[in-house]
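> coordinates only, sequence not included:
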């Protein structure tokens, strides 16, 4: 079955880089996403990567995809206190018009000033 | 950018009553809307997928008669929690999408059943 896993917690100091990891199981995933959720709020799409890419950079965010190992990571450069939130990775299948997102377990990022 | 709203943002109700949650795409027409449920400190679990004008497709384990979904137009979907009980207390989040584009999420509705 589909299973997306993440480490539960990451603590970094302000200004350092953060790396959040994610493993997934569905090799047919076409897109993989990173979402940010602040307390009591919905999900904010941060970035996504197409499955035939291995890296995507967007300002402070770098996504690395190792399709062979089914491993996805999100690197946040120069982490700020405003980056403190829960980060979810999600994989999207290849099932046509109603592709479903399967979310990871979420990683709580705590940024220490 | 694409904006999705939910109403209400939070609701408290008595056990046995029904609660309706609205999900609207404000600046685009959504061919598909999704409803998720999130328990505290847990991930989002997909409850159902709905396409405008057709019946919703429910995920395994989600009771269709308990969680009624109506997708009456391309900008509005509603989730009604019927005969709510304390175990239905949760954070309900909707998302909306045009064809196979990215899903845009609403801000969520926190339901507390007393």
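Received it, and whenever you're ready, just let me know what you need. What you see is a predicted model, and the numbers here were worked out from it, not measured in a lab. Numbers count the residues shown, from 1 in each chain, chains lettered A, B, ... in the order given.

> Okay, now the sheet partners of the worst-scoring helix or strand of chain A on mean pLDDT, with direction.
Every helix and strand in chain A was compared by mean pLDDT, DSSP states H and E; the lowest is strand A:101-103, with a mean of 89. According to DSSP bridges, strand A:101-103 forms sheet pairs with strand A:85-92 (antiparallel).

> chain center to the partner strand, what's the gap?
5 Å (Cα atoms, centre = their mean, to the nearest Å).

> Grab the nearest non-local neighbour of the spatially most central residue of chain B.
Using Cα atoms, centre = their mean, the residue of chain B that lies closest to the mean C-alpha position is residue B:35, 3.8 Å off. Spatial nearest neighbour of residue B:35, excluding adjacent residues (Cβ to Cβ, 6 or more residues apart in numbering or on different chains): residue B:47 at 4.6 Å. (C-beta placed from N, C-alpha, C; glycine too.)

> gap between residue B:70 and residue B:59?
Distance, residue B:70 to residue B:59, using Cβ to Cβ, to the nearest Å: 17 Å.

> what sits against residue A:102?
Counting by Cβ atoms under 8 Å, 6 or more residues apart in numbering or on different chains, residue A:102 makes contact with A:2, A:3, A:4, A:24, A:26, A:90, A:91, A:92, A:93, B:46.

> Checking residue B:15 next. Helix, strand or coil?
coil (DSSP: H, G, I helix; E, B strand; the rest coil).

> That one: neighbour count?
12 (other Cβ atoms under 10 Å in any protein chain shown).

> which stretches of the chain have low pLDDT?
By default, I'm working from chain A. Applying pLDDT under 70 to chain A flags the ranges A:1-2, A:93-98.

> please go with chain B instead
For chain B, the stretches flagged by pLDDT under 70 are B:1, B:100.

> Close to chain A: what parts of chain B are there?
B:4, B:6, B:31-32, B:34, B:42-46, B:49, B:51, B:57, B:93, B:95, B:99-100, B:102-108, B:110 (Cβ under 8 Å from any Cβ of the partner chain).

> Restrict the residues you listed to the buried ones and give me that as a PyMOL selection.
Buried subset of the residues of chain B next to chain A, written as a PyMOL selection, criterion 16 or more other Cβ atoms under 10 Å in any protein chain shown:
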select buried, chain B and resi 4+6+31+32+34+43+44+45+46+49+51+93+95+103+104+105+106+107+108
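
> among the residues of chain B next to chain A, which are in strands?
Judged by DSSP state E, the subset of the residues of chain B next to chain A located in strands is B:4, B:6, B:32, B:34, B:44-46, B:49, B:51, B:57, B:93, B:95, B:104-105, B:110.

> which residue ranges form the strands in chain A?
Under DSSP E, chain A gives strands at A:5-6, A:9-13, A:18-23, A:31-37, A:43-50, A:55-58, A:61-66, A:71-76, A:85-92, A:101-103, A:107-112.

> Figure out which of those is closest to residue B:65.
Residue B:65 lies closest, by Cβ to Cβ, to one member of those: strand A:101-103, at 25.2 Å.

> Residue B:106 against residue B:95, yeah?
Yes - using Cβ atoms under 8 Å, residue B:106 makes contact with residue B:95 at a distance of 6.8 Å.

> Common neighbours of those two, please.
With Cβ under 8 Å, 6+ apart as the test, residue B:106 and residue B:95 both reach residue B:4.

> so which strand or helix has the closest residue to residue B:5 other than its chain neighbours?
Using Cβ to Cβ, 6+ apart and skipping the chain neighbours, the partner closest in space to residue B:5 is residue B:24 (5.0 Å). Per DSSP states H and E: residue B:24 is located in strand B:19-25.
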